[in-house]
Structures are given as C-alpha cells and as structure tokens.
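> please find the sequence and the predicted model below.
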Amino acid sequence: MKTDDAVIRCEQLTKRYPGHVMAVDRLDLSVKCGEIFGLLGPNGAGKTTTIGMLTTLVVPTAGRAAVAGIDVVSHPSMVKQLIGTVSQVNNLDRSLTVWENLYYHGRFFGMGARESREAADKSLVEFRLSERAKSDVATISGGMARRLQVARALIHNPSVLFLDEPTAGLDPQSRIALWDILRRLHTSGQTILLTTHNMEEADSACDRLAIMDRGRLLAIDSPKNLKKTVGADTIVTVSSDGDLDALARRLQDRVEGATRSRQIDGVVQLQVKGRTGVLPRVVSVAEQEGFAITDLSLAEPTLETVFINLTGKELRD
Ligand SMILES: Nc1ncnc2c1ncn2[C@@H]1O[C@H](COP(=O)(O)OP(=O)(O)OP(=O)(O)O)[C@@H](O)[C@H]1O
Ligand SMILES: [Mg+2]
C-alpha cells in the first residue's frame, strides 16, 4: 500500500455478510493524521461495518485497510494496540467500578500497575468522573457512561480514536460535554474517525466527511465543499394543498434561478441560485399556478441537501 501521511487507508474495502448483504462495497478512503473524519449515512449505510473492519473486529471480504501503515487483516493485534474504540453500544464492564474500567483496560494493554493507576486517576479528572470513581458503572448516567467509554479508549494513548455514534441517545447537555472533549482531543492532535447520522454535528465538527449509503461511498470532502456541490444558495421549503409533484415541477420551470425541485415528506423543496428576491418569486409563481401556500421557509444548503441530491431521499428516515 502507498505510504503518505494517511493514518487510515482503505482500498476497495468490501464486506459481504452471509446472506449476501453487501454492507460495505469497495470503499476507498484515507484519513490524515490529526483529522476529525466523519462517516455520515442513514441506518444500514455500512458505517459500523467499516469501523468494524478498521478495528479488526470484522474480517473484510475483499480489499485492504491499514491503520498507521499496518494491515488490519495480517496484523490485527498490532493494530489493536494502536487504536482506541468507542462502540455504538455501552460495552463497559458492569462487574467493575468506573475507576476499575480504566485501570484494567490499561493493564490489558500492557501498562504496569503503577502506570495504569496513574493514567486512570488522571483520566477521571480530565473527564470529570472523579466523584464517581468508586461507583458501579451500572449506576452512572448515559452521558457519563459515554464519557467513560471515551476515557477508557484513550488510556493507552492510541494513534487513532474510533467512535461509533458517540452522541446517539445522549441528552443535549451530555452531547455538548462530549463534543467539548472531542474538540479538545482534536486540538491536541488526536486523529479521530467517527460515525454519525447527525448532519449538524458532522457539519460543525468534522474536517472531512464520507457520505455513505447502502455500503457505497457517495462523496468525500470537507463539509463546506460538499455544500458547494449543491450549486444553489437558497433552499425554499413550500407547504401547500394540492398536487405537490405538480407544484414542484411548476416552481422548477418558472422560478428564476431554480436548479432543482422535488416533493419530500409532504412538502416541496426548491433549490435556487442567489438569495435576493427568492421569496416573492416563489409566491407569485405558486399563486399564478393556482396553489395556496400554507407555509414557506428559506434556508441555506445543508448536508441534508447534499444527501438528498445524492440519493433522492432524506437522511432522517
Ligand atoms: N453481523 C451481521 N450479519 C449480517 N448482516 C449484517 C451484520 N451486521 C450488519 N449487517 C448488515 O449490513 C448492513 C450495514 O450495517 P451497519 O451496521 O454497518 O450499518 P450502519 O451504517 O452502522 O447502520 P446504523 O446507522 O443503523 O448503525 C445492514 O444491511 C445490516 O443489516
Ligand atoms: Mg452503526
């Protein structure tokens, strides 16, 4: 495989589960040192399977992947030493306390008793879990459990941190707390690969994103560049009674600057070049075509728009 500054590299990486589910289909991607890289896609896109292959838990059907230049199939135990993983589900050891979860993880990764003890103590302070050091992990909140999973994944100073849906199921406050942690790690140079369904988070936090659907990579770039590919500046959402497919067609044909229009989930979404005067143009075309508008809103393109343009469907489904 090529050597460059990529910490993670996949070439034609493929996983077909028994029963012919093509979970990941010839995935090419690389993640640079120090990047926060996001895998964004709906349920079943293949995000967890991709992380599974990169973290050596899932054996690829074809293609290759390397972490820090080490092949994940031929040297899985070397790769495991170099990575930290936060899985989609809470897999903390319920028979241990908060502190013990960190300590024994360090020991498992070959750290001496003293080194591991010091790392666990330091980590509890850093992750604001000291007060719960002696608690049973079953008794801590979901937000704390996720923070503890991240803390545990980092005990042995991994080169790459993998996080599968790190903020899923967390309340807003715990989400913010977790993102504070991830941003701080990013600033300190930690390479992070995470998966998410959440476009706002992906947009604001990731340096680059891979948009996946049904195992395929659809696009890979920075959030800013991905949004540029929309080729429109304004997204108009129109609610109306009547035949929405017909309204979508009329708006696309007649609104000046319209680049794309479609009915999605009971509303019409129109993509328009330019920002000024869009609203009156839409209202007047709809009225002339005999549609009564019941609601109207303007927004800038988002990653959701990018996803809709790539797949014809919404990411939130
Ligand atoms: N162990 C397995 N055996 C068979 N099929 C599987 C297995 N794990 C996942 N799949 C299938 O592979 C596809 C990709 O699943 P995967 O869990 O990687 O998606 P995902 O993007 O992580 O989805 P989610 O957002 O729901 O977590 C799905 O069709 C899923 O049903
Ligand atoms: Mg998943």
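All right, it came through fine. Ligands and ions are numbered 1, 2, ... in the order given.
> next up, the contacts around Ala299.
By CB atoms under 8 Å, 6 or more residues apart in numbering, the contact set of Ala299 is 234-235, 237. (Each C-beta comes from the backbone N, C-alpha and C, glycine too.)
> bridged to the closest residue to Ala153 other than its chain neighbours, which residues?
Distances taken as CB to CB, 6 or more residues apart in numbering put Gly84 closest to Ala153, at 3.3 Å, once the chain neighbours are dropped. Following DSSP bridges, Gly84 is listed with bridge partners Leu161.
> can I assume Gly84 is in contact with Ala151?
No: at 9.7 Å, Gly84 and Ala151 do not qualify as touching, with contact defined as CB atoms under 8 Å.
> what parts of the protein come near ligand 1?
Within the chain, the positions adjacent to ligand 1 are 17, 21, 23, 41, 43-49, 88, 197 by CB under 6 Å from any ligand atom.
> which among those count as buried?
23, 41, 45-49, 197 (16 or more other CB atoms under 10 Å).
> ok so, going back, in strands only, show me the residues of the chain next to ligand 1.
17, 21, 23 (DSSP state E).
> quick check: end-to-end length of stretch 37-51?
End-to-end distance for stretch 37-51, by CA to CA, to the nearest Å: 12 Å.
> what packs against the helix or strand where Gly38 lies?
Using DSSP states H and E, Gly38 sits in strand 36-40. With contacts defined as 3 or more CB pairs under 8 Å, 6 or more residues apart in numbering; DSSP states H and E, strand 36-40 has these neighbours: helix 47-54, strand 191-196, helix 199-205, strand 208-213.
> just send these back as JSON lines, with mean pLDDT too.
Shown next, in JSON lines, are those (pLDDT from 0 to 100):
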{"stretch": "helix 47-54", "mean pLDDT": "97"}
{"stretch": "strand 191-196", "mean pLDDT": "95"}
{"stretch": "helix 199-205", "mean pLDDT": "91"}
{"stretch": "strand 208-213", "mean pLDDT": "96"}
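> does Gly46 really touch Ala23, like I thought?
Yes: under the contact definition of CB under 8 Å, Gly46 touches Ala23, with a separation of 4.8 Å.
> okay, and the common contacts of those two?
Common contacts of Gly46 and Ala23, defined by CB under 8 Å, 6+ apart, comprise 15, 215.
> can I get the contacts of Ala299 in CSV including pLDDT, distance to ligand 2 and neighbour count?
What follows is those, written out as CSV (pLDDT from 0 to 100; distance: CB to the ion, whole Å; neighbours: other CB atoms under 10 Å):
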residue, pLDDT, distance to ligand 2, neighbour count
Thr234, 94, 33, 21
Ile235, 94, 28, 21
Thr237, 95, 29, 15
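> quick one: which of those residues sit in strands?
Among these, the residues falling in strands (DSSP E) are 234-235, 237.
> what is the burial count for Trp99?
Trp99 has 20 neighbours, counted by other CB atoms under 10 Å.
> angle of the longest helix belonging to the chain against strand 36-40?
Longest helix of the chain, by residue count under DSSP state H: helix 172-187. Orientation check (axes from the mean of the first three to the mean of the last three CA atoms, to 10 degrees): helix 172-187 against strand 36-40 gives 130 degrees.
> would you mind writing the CA trace of helix 172-187 as PDB?
C-alpha atoms of helix 172-187 as PDB (Å, rounded to 0.1, in the frame of the first residue of the first chain):
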ATOM      1  CA  PRO A 172     -28.300  17.900  24.700                       C
ATOM      2  CA  GLN A 173     -26.100  18.700  27.700                       C
ATOM      3  CA  SER A 174     -24.200  15.400  27.500                       C
ATOM      4  CA  ARG A 175     -23.800  15.900  23.800                       C
ATOM      5  CA  ILE A 176     -22.200  19.300  24.300                       C
ATOM      6  CA  ALA A 177     -20.000  17.900  27.000                       C
ATOM      7  CA  LEU A 178     -18.800  15.100  24.800                       C
ATOM      8  CA  TRP A 179     -18.200  17.400  21.900                       C
ATOM      9  CA  ASP A 180     -16.100  19.700  24.100                       C
ATOM     10  CA  ILE A 181     -14.000  16.600  24.900                       C
ATOM     11  CA  LEU A 182     -13.700  15.600  21.200                       C
ATOM     12  CA  ARG A 183     -12.700  19.100  20.200                       C
ATOM     13  CA  ARG A 184     -10.100  19.300  22.900                       C
ATOM     14  CA  LEU A 185      -8.700  15.900  21.700                       C
ATOM     15  CA  HIS A 186      -8.700  17.300  18.100                       C
ATOM     16  CA  THR A 187      -6.800  20.400  19.200                       C
END
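> elements contacting it?
For helix 172-187, the elements it packs on are helix 142-154, strand 191-196, helix 199-205, judged by 3+ CB pairs under 8 Å, 6+ apart.
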